[in-house]
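A.B. asks: sequence unavailable; structure follows:
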């Protein structure tokens, strides 16, 4: 039996021929698009397509006046300019919202019923966990509430005291060692909100409110500001306009 040796050079040439055959078959199977079809595929104008072609962004084949593009080249071009919606394609407000942590919301009406914003925030957060409870109570530590609402221990204690007084929640110890648990009375909260009078305050109510919060330091401009301002009866600052005689008497009193 005769044996023939094949040189490595011949092997390389054979590989190259096989590769050329493979590429030729691929080209024969390749889908080619004319200018009209390419513009529809890319959804651009003919002028834009020509600019892509002349700038070298898109390879093409030209026979006299007929220009054709490989569909695979158009797809590669689109993939090179693809931007994931994970990082882009969001409005500024949507991108801003993605940076937010958990949002804390509260009802202004609830804040009016309980007396302040801190207590309203605490109650809303308590209701959030009450809705998701797995037993007849809610167990949350001071640190957990502080992390969720940024309310300090002092603010939490004041809020709990107010909510207990209103009958909105109950606090009890359970477990070993004893841990603080909460129970929410939804009926009490509903009753308070339904009975809350949202009527518009009268002019008299506004005047009284303004008088209660009037800064009495303004009244003492006529005498030493470093002196105490509880100069009237019962150590209460009068919000009524002082006459010149009243001011004179006060000056004498602090002389």
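C.D. replies: That came through fine. Not measured: the values here are computed from a predicted model.
A.B. asks: could you use CA atoms for every contact and neighbour count after this?
C.D. replies: OK.
A.B. asks: mind listing the strands for the protein?
C.D. replies: In the chain, strands defined by DSSP state E lie at 32-34, 61-63, 66-70, 169-174, 179-184, listed in chain order.
A.B. asks: among the ones you listed, which is nearest residue 96?
C.D. replies: strand 179-184 (34.5 Å; Cα to Cα).
A.B. asks: between strand 169-174 and the closest one, find me the angle.
C.D. replies: Relative orientation of strand 179-184 versus strand 169-174 (axes from the mean of the first three to the mean of the last three Cα atoms, to 10 degrees): 150 degrees.
A.B. asks: which other helices and strands does strand 179-184 contact?
C.D. replies: With contacts defined as 3 or more Cα pairs under 8 Å, 6 or more residues apart in numbering; DSSP states H and E, the packing partners of strand 179-184 are strand 169-174.
A.B. asks: what do you get if the cut-off is 10 Å, keeping everything else the same?
C.D. replies: When contacts are defined as 3 or more Cα pairs under 10 Å, 6 or more residues apart in numbering; DSSP states H and E, strand 179-184 packs onto helix 117-131, helix 153-166, strand 169-174.
A.B. asks: export those to a markdown table and append columns for distance to residue 195.
C.D. replies: A markdown table is the format used below for the helices and strands packed on strand 179-184 (distance: least, Cα to Cα, whole Å):
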| stretch | distance to residue 195 |
| --- | --- |
| helix 117-131 | 17 |
| helix 153-166 | 13 |
| strand 169-174 | 18 |
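A.B. asks: deepest of those, which one?
C.D. replies: Among the helices and strands packed on strand 179-184, helix 117-131 has the highest mean neighbour count (mean count of other Cα atoms under 10 Å), at a mean of 18.
A.B. asks: check what pLDDT residue 15 gets.
C.D. replies: pLDDT, the model's per-residue confidence, is 75 for residue 15.
A.B. asks: what would the helices and strands packed on strand 179-184 look like in TSV with mean pLDDT?
C.D. replies: Formatted as TSV, those follow (pLDDT from 0 to 100):
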stretch	mean pLDDT
helix 117-131	92
helix 153-166	94
strand 169-174	90
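A.B. asks: residue 109: which of the ones you listed is closest?
C.D. replies: Of those, nearest to residue 109 by Cα to Cα is helix 117-131, at 9.0 Å.
A.B. asks: between strand 179-184 and the closest one, find me the angle.
C.D. replies: 90 degrees.
A.B. asks: do I have it right that residue 157 meets residue 145?
C.D. replies: No: when contacts are counted by Cα atoms under 10 Å, residue 157 is not listed as touching residue 145 (11.2 Å).
A.B. asks: joint contacts of those two?
C.D. replies: Common contacts of residue 157 and residue 145, defined by Cα atoms under 10 Å, 6 or more residues apart in numbering, comprise residue 151.
A.B. asks: one step back: least confident of the strands of the chain, on average?
C.D. replies: strand 61-63 (a mean of 85).
A.B. asks: give the other helices and strands that it contacts.
C.D. replies: Using 3+ Cα pairs under 10 Å, 6+ apart as the test, strand 61-63 ends up in contact with strand 32-34, strand 66-70.
A.B. asks: could you dump those strands to CSV with distance to residue 52 and mean neighbour count?
C.D. replies: Below are those laid out as CSV (distance: least, Cα to Cα, whole Å; neighbours: other Cα atoms under 10 Å):
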stretch, distance to residue 52, mean neighbour count
strand 32-34, 14, 18
strand 66-70, 12, 16
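A.B. asks: got these as CSV, with distance to residue 60 columns?
C.D. replies: Converted to CSV, those look like this (distance: least, Cα to Cα, whole Å):
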stretch, distance to residue 60
strand 32-34, 10
strand 66-70, 5
